[in-house]
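>>> Give me a model of this one.
(chains A and B)
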Amino acid sequence: MTMTQEHSAIKKLEQAFPGVVKKIITAFGDPGILVDKEDVKRVCCLLKEDKELSFDLLSDLGGVDYQGKKDKRFELIYQLYSTRTHQWLRVKTEVGENESVPTMTGIWKAADWPERECHEMFGIEFDGHPDLLRLLTIEEFDGFPLRKDYPLLGKAEIIAGHEGGVQWRKRD
Amino acid sequence: MILHMGPQHPSTHGVLRVDLELDGEVILRVIPHLGHLHRGIEKLAENKTYHQVIPLTDRLDYLSPMVNNFGYALAVERLLGIQMPERAQVIRVIMAELTRIQSHLVWMGTHVLDIGAMSPIMYCFREREEILDIFEMVAGARMNPSYIRVGGVNGDVMSAARDKIAEFTETFPKHIIEYEDLLTNNPIWINRTKGVGKITAEEAINLGTTGPTLRSCGFKWDLRKTNPYSGYENYQFDFILGKNGDVYDRYRVRIEEMKQSIDLIKQGLKKLKPGPIYADDAKVIPPIKEKVMTDIGALIHHFKIISEGFKVPEGEVYQAIETPRGELGFYIVSDGSSKPYRVKIKTPSFMNLMALETLATGRLLADIVAIIGSMDIVLGEIDK
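This is a model prediction of the structure:
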């Protein structure tokens, strides 16, 4: 991404909502911004709806667990892509344990499954998500596997019961 | 009525369970249930060195393993700041395009088989076999080659393999004509696919759909052209677009993509000049075998790189590439150690499958088989 375009997105944000961009993190040519979780929704809304920027594709949505490394435990990452200017923009926000973030499903329908995945893997709540069930693991699953304190081998293994139902055997 | 389709249903291409809410034969709601193939690849990647992650990426989209290696290697190389030599870039492009053809061949054979035509799969697998033979010559393995490594490719393309690729580019276009003879103007095929599973470009983008599924709506977006990587900007090729965004157009787009890939391979073979296949960075690339066997310094160096892994500077990167299914993205966070702190993989099938509900609602039960097939999903990369 060239500097001018990078600035145009961030400048527009600064004009519309002064002080909303907490930090500009440009890594390997990819621009990124850090915003408060209360602001994510209006920031994303503006980035998508603005005719010139038009970040209309949500490429990816995921979490990172920074346990013990940062004040707030989790970081949510929204990879936005503009099919008009062919640029990526990374929007980040920090989320503490037991905190919730507004859902983006109203802006991009594409946020549906990634948010569910994020919820089951990290235990982050998404306010207003229509159907925040576990996606890749079973409903009875205990814990949040992508958290750094979750053991690699898992906490327990499943023994499939003969008459339906699930039994667990704890690992030593 | 609620009907459970899968997870053992052959047309779900893996282990996908779909709950269908039906009114007679009309589909009212579609609820996919994922996770039967979940192996925790993202978690595993955090506990392996950067090099050990490559075999895991093979197993994401097991029908196009080379492309997955490619995306991962590019992401790590960007973190390391390594520049690829020309020959390695060209080999990677040739392998990626061969992978695209073989992936589309499997898609076509199975998709057409789902709808009821038996014979095309025999033709498709005949040609796929040739590509797998090429992979075996080049990488030593047919299915999970782990060929594209961080900093280069594992083993050069020798003249025998090069001749075989050149021969394949000559014979394969004739075979595409055979497939098209069987399908393109076949009235049964047209009845089953035209107007089925329609989607508009705006809806498709909103749902995060990428790849041939998006291009079949007539939307110009191909990462190889819009955000080129590995020297794609030096190749002559065009967007391949459909019009209506239905199952038939997705078939047309993929057929044309196979022709385009052949053209790209031909261009690549012309660019294939002698030269190194590994980047010049002793911190990442192990020394060559002869040196390891004769020089103690090289032996220690080799041992350190293999056992400990190379260190990657702190930072984060998102690298996306165009796979046969759409945008594959690797978001890698490095904390400066030899293991990635976090690997978030954006897989195209995962996003594409979200469009299933929009595509199938209101259609007949028989159409869902055609629709799932036309999206070309691979459960390995959906469940991760």
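>>> what residues are up against the residue in chain A positioned nearest to chain B?
Chain B sits closest to A:Ala110 of chain A, with a gap of 2.9 Å, by Cβ to the nearest Cβ. Every C-beta, even on glycine, is put in place using the N, C-alpha and C of the backbone. By Cβ atoms under 8 Å, 6 or more residues apart in numbering or on different chains, the contact list for A:Ala110 reads A:Leu57, A:Leu58, B:Asn206, B:Leu207, B:Gly208, B:Met351, B:Met354.
>>> secondary structure element for the second one?
Pointing back at A:Leu58 there. strand A:57-65 (DSSP states H and E).
>>> how much does the helix or strand just after that strand deviate in direction from strand A:57-65?
Once the chain leaves strand A:57-65, the next helix or strand it forms, by DSSP H and E, is strand A:74-82. Put simply, strand A:74-82 runs at 160 degrees to strand A:57-65, going by axes from the mean of the first three to the mean of the last three Cα atoms, to 10 degrees.
>>> neighbouring contacts of strand A:74-82?
A:37, A:40, A:44, A:47-48, A:53-66, A:87-97, A:101, A:104, A:118, A:122, A:124, B:318, B:329, B:331, B:344, B:346.
>>> how close does A:Gln79 get to B:Gly242?
26 Å (Cβ to Cβ, to the nearest Å).
>>> Let me fix that, I meant to ask about B:Ile188.
20 Å.
>>> who's more crowded, the two?
B:Gly242 (22 against 11; other Cβ atoms under 10 Å in any protein chain shown).
>>> In space, what's closest to that one - neighbours in sequence excluded?
B:Asp249 (3.1 Å; Cβ to Cβ, 6 or more residues apart in numbering or on different chains).
>>> Which of the three states applies to that neighbour?
helix (DSSP: H, G, I helix; E, B strand; the rest coil).
>>> okay but it is in contact with B:Ser216, surely?
Yes. Contact criterion Cβ atoms under 8 Å: B:Asp249 and B:Ser216 qualify, at 4.1 Å.
>>> who has more neighbours, these two?
Taking other Cβ under 10 Å, B:Asp249 and B:Ser216 do not tie; B:Ser216 has more neighbours (30 against 24).
>>> any idea how far that one lies from B:Arg192?
16 Å.
>>> again, but for A:Leu53
In terms of Cβ to Cβ, A:Leu53 sits 41 Å off from B:Arg192.
>>> what does A:Leu89 give?
Counting by Cβ to Cβ, the gap from A:Leu89 to B:Arg192 is 41 Å.
>>> Show me which of those two is the more surrounded one.
Between A:Leu89 and B:Arg192, counted using other Cβ under 10 Å, A:Leu89 has the larger neighbour count: 23 against 20.
>>> List the contacts of the more buried one.
A:Ala9, A:Pro31, A:Gly32, A:Ile33, A:Leu47, A:Phe55, A:Gln79, A:Leu80, A:Tyr81, A:Ser82.
>>> run the last query once more with 7 Å
A:Ala9, A:Pro31, A:Leu47, A:Phe55, A:Leu80 (Cβ atoms under 7 Å, 6 or more residues apart in numbering or on different chains).
>>> mind listing the strands for the stretch 151-300 of chain B?
B:152-153 (DSSP state E, counting those that start in this stretch).
>>> Please list the residues of the stretch 101-250 of chain B that sit near chain A.
For the stretch 101-250 of chain B, the residues in contact with chain A (Cβ under 7 Å from any Cβ of the partner chain) are B:Ile205, B:Asn206, B:Leu207, B:Gly208, B:Trp221, B:Thr226, B:Asn227.
>>> quick one, longest helix in chain B?
helix B:86-115 (DSSP state H).
>>> Mind checking the pLDDT average for it?
In this model, helix B:86-115 has an average pLDDT of 90.
>>> Then stretch B:323-333?
Stretch B:323-333 comes out at a mean pLDDT of 91.
>>> ok, and what's touching it?
Defining contact as Cβ under 7 Å, 6+ apart, one finds that stretch B:323-333 is touched by A:59-60, A:62, A:64, A:77, A:79, B:61, B:64, B:67-68, B:71-72, B:75-76, B:79, B:100, B:103-104, B:210-211, B:213, B:223, B:316-321, B:340-349, B:352, B:376.
>>> and what of stretch B:280-294?
With Cβ under 7 Å, 6+ apart as the criterion, stretch B:280-294 contacts B:80, B:82, B:150-152, B:278-279, B:298-299, B:301-302, B:305-306, B:310.
>>> Can you flag the buried ones in those residues?
B:Leu80, B:Ile82, B:Val150, B:Gly151, B:Gly152, B:Tyr278, B:Ala279, B:Ala298, B:His301, B:His302, B:Ile305, B:Phe310 (16 or more other Cβ atoms under 10 Å in any protein chain shown).
>>> Kindly provide the distance from the last one to chain A.
What it means is B:Phe310. Separation of B:Phe310 from chain A (Cβ to the nearest Cβ, to the nearest Å): 18 Å.
>>> That residue contacts B:Ser338, doesn't it?
Yes. With contact defined as Cβ atoms under 7 Å, B:Phe310 counts as touching B:Ser338 (6.2 Å).
>>> Quick check: neighbours shared by those two?
B:Tyr50.
>>> how many other residues sit next to residue 134?
No chain in the question, so chain A it is. 16.
>>> wrong one, I was asking about chain B
21.
>>> now swap in the one 4 residues further on and tell me
B:Val138 has 26 neighbouring residues, counting by other Cβ under 10 Å.
>>> that older thread, just give the nearest non-adjacent residue to the residue of chain A closest to chain B, would you?
B:Gly208 (2.9 Å).
>>> For the one you found, give me its contacts.
Neighbouring residues of B:Gly208 by Cβ under 7 Å, 6+ apart: A:Leu57, A:Leu58, A:Trp108, A:Ala110, B:Met351, B:Met354.
>>> What residues does the fifth one make contact with?
Applying Cβ under 7 Å, 6+ apart to B:Met351 gives the contacts A:Ala110, B:Gly208, B:Thr209, B:Thr210.
>>> Could you do the second one as well?
Residues touching A:Leu58, when contacts are defined by Cβ under 7 Å, 6+ apart, comprise A:Tyr78, A:Leu80, A:Trp108, A:Ala110, A:Ala111, B:Gly208.
>>> Export those residues to JSON lines and append columns for distance to B:His33 and pLDDT.
Shown next, in JSON lines, are these (distance: Cβ to Cβ, whole Å; pLDDT from 0 to 100):
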{"residue": "A:Tyr78", "distance to B:His33": "26", "pLDDT": "91"}
{"residue": "A:Leu80", "distance to B:His33": "29", "pLDDT": "90"}
{"residue": "A:Trp108", "distance to B:His33": "23", "pLDDT": "88"}
{"residue": "A:Ala110", "distance to B:His33": "19", "pLDDT": "88"}
{"residue": "A:Ala111", "distance to B:His33": "19", "pLDDT": "89"}
{"residue": "B:Gly208", "distance to B:His33": "19", "pLDDT": "88"}
